[in-house]
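1. A structural model of the following input is requested.
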Amino acid sequence: MMMGLLVFKAKCKEIFEKHYKVLRAMMKILVSAGIFSVILYQLPFQEGLNYYAVPVVILLALFCGFIPDIAVMCVAALLVLAETAAVSMVCAFAVFAVLAVYFLLFGRYTRVQSYLVLLIPILWGINISYAVPVIAALFLTPAMIPACGMGIFLRYLLVGVQQYHMISQNAVDTGNTMEGFQYMIDHVLNNREMIVYLCTFSVAYLLVFIIRKGRYNHASQIGIFVGIIACMAGILAGDIFWQVNADVNQLLTGLSLTAVAAYVVQFFRMSLDYTGVRKLQFEDDEYFYYVKAVPKLKVAVVDKTVTKIDDRDEAVIDLKNEIEKVLGEDINPDKK
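-> Alright, predicted model coming up:
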């Protein structure tokens, strides 16, 4: 079973490297189409966009296949603002101000933050927003936790817009342009459910990050499992103590999909052979070194043989000598 998965991974990697530009453009088109479809489904306020939803999604997705990644997120943000403006221009300006302030303060340091901020409200519609903190913690640092929190905050702002739109359809127009804005603020400030998700996502992110940085075997896999359990425990606790009305079936389905996505990402990111672990100890004049080497599981597509570090000739690769050489170059750079 594992051998077959490794062969499949090697073939996928080979095909992707050979046709990188074409496949990446196709993936961006498909992902963009999914993102725009979710946005138009969740925010069906602009009649023109809603009526021509299919051609709009297709044209925007084709356009996004040939522009930078950050520009795709900008197009998604503009689509959200256009839908929000159909409800209230003040609400749209409030959403824009929140995004602008955050990106001017934090998002300009790394573009990954923009992905996290926009992916959480988008993936919420298909019930897999839990995947954002769990998978992000496998690659990124805790500095991305504010981006996850901002994504949750933006999501509940948009929920406030949705609820205000439903109320305004059956209410008498009072001419108060700030009514929608006030409703959004009240909805966010008095929302216990948002606080539950903010705490849950932050704790899950930290747990996954701390565990996957551990020195024990299968740290990343254990971290994913603990992160899933943390998400479940946090939301169920919020439902018990604060009555956030969590749907258990949707929660279990979303967490199951999140677990599958996280383990698939981890498999393609890095597969380690813990049966071939080597531990070395050596010293120089100033330090004593402990080195733990874990070989990566690799397989050649032709002969389907797993390459392990133990199977290599000791005369070709001597890990201790390589480390001593690198350390010597760092200590005495003038003697190169």
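2. what's near enough to touch Q266?
-> Applying CB atoms under 8 Å, 6 or more residues apart in numbering, one finds that Q266 lies in contact with 138, 220-221, 224. Using the backbone N, CA and C atoms, a C-beta is placed for each residue, glycine as well.
3. Determine which two of these are furthest apart.
-> Farthest-apart pair in the contacts of Q266 is L138 and Q221; separation 10.2 Å (CB to CB).
4. Any regions of the stretch 51-200 of the chain where pLDDT drops low?
-> 107-110, 171-177 (pLDDT under 70).
5. Just the helices from it, written as ranges.
-> Along the stretch 51-200 of the chain, the stretches classed as helices by DSSP state H, counting those that start in this stretch are 53-64, 69-85, 89-105, 112-124, 131-139, 145-169, 179-189, 192-212.
6. who wins for proximity to Y41 among these?
-> Per CB to CB, nearest to Y41 of the helices of the stretch 51-200 of the chain: helix 53-64, 8.3 Å.
7. tell me how far that closest one is from the chain's mean position?
-> With CA atoms, centre = their mean, to the nearest Å as the basis, helix 53-64 stands 23 Å off its chain's centre.
8. got it, and stretch 67-77?
-> How far stretch 67-77 lies from its chain's middle: 16 Å, per CA atoms, centre = their mean.
9. Would you indicate which residues of it are buried?
-> 72-73, 75-77 (16 or more other CB atoms under 10 Å).
10. can you list the residues that contact it?
-> So stretch 67-77 is in contact with 28, 31-32, 35-36, 39, 60, 63-64, 99, 111, 114-115, 118, 122, going by CB under 8 Å, 6+ apart.
11. tell me which of these is nearest to S129?
-> Nearest to S129 among the contacts of stretch 67-77: I122, at 8.4 Å, using CB to CB.
12. distance of the nearest residue to G65 once chain neighbours are set aside from L60?
-> Nearest non-adjacent residue to G65, counting by CB to CB, 6 or more residues apart in numbering: I29, 3.9 Å away. To L60, I29 is 10 Å away according to CB to CB, to the nearest Å.
13. Could you measure from the residue nearest to F66 when sequence neighbours are not counted over to V31?
-> Excluding its sequence neighbours, the residue lying closest to F66 (CB to CB, 6+ apart) is A25, at 6.4 Å. Between A25 and V31 the computed distance is 11 Å (CB to CB).
14. Now G238: which helix or strand?
-> helix 219-242 (DSSP states H and E).
15. Quick one: mean pLDDT for the next helix or strand after that helix?
-> Per DSSP H and E, helix 219-242 leads on to helix 248-269 as the next helix or strand towards the C-terminus. Per-residue pLDDT over helix 248-269 has a mean of 89.
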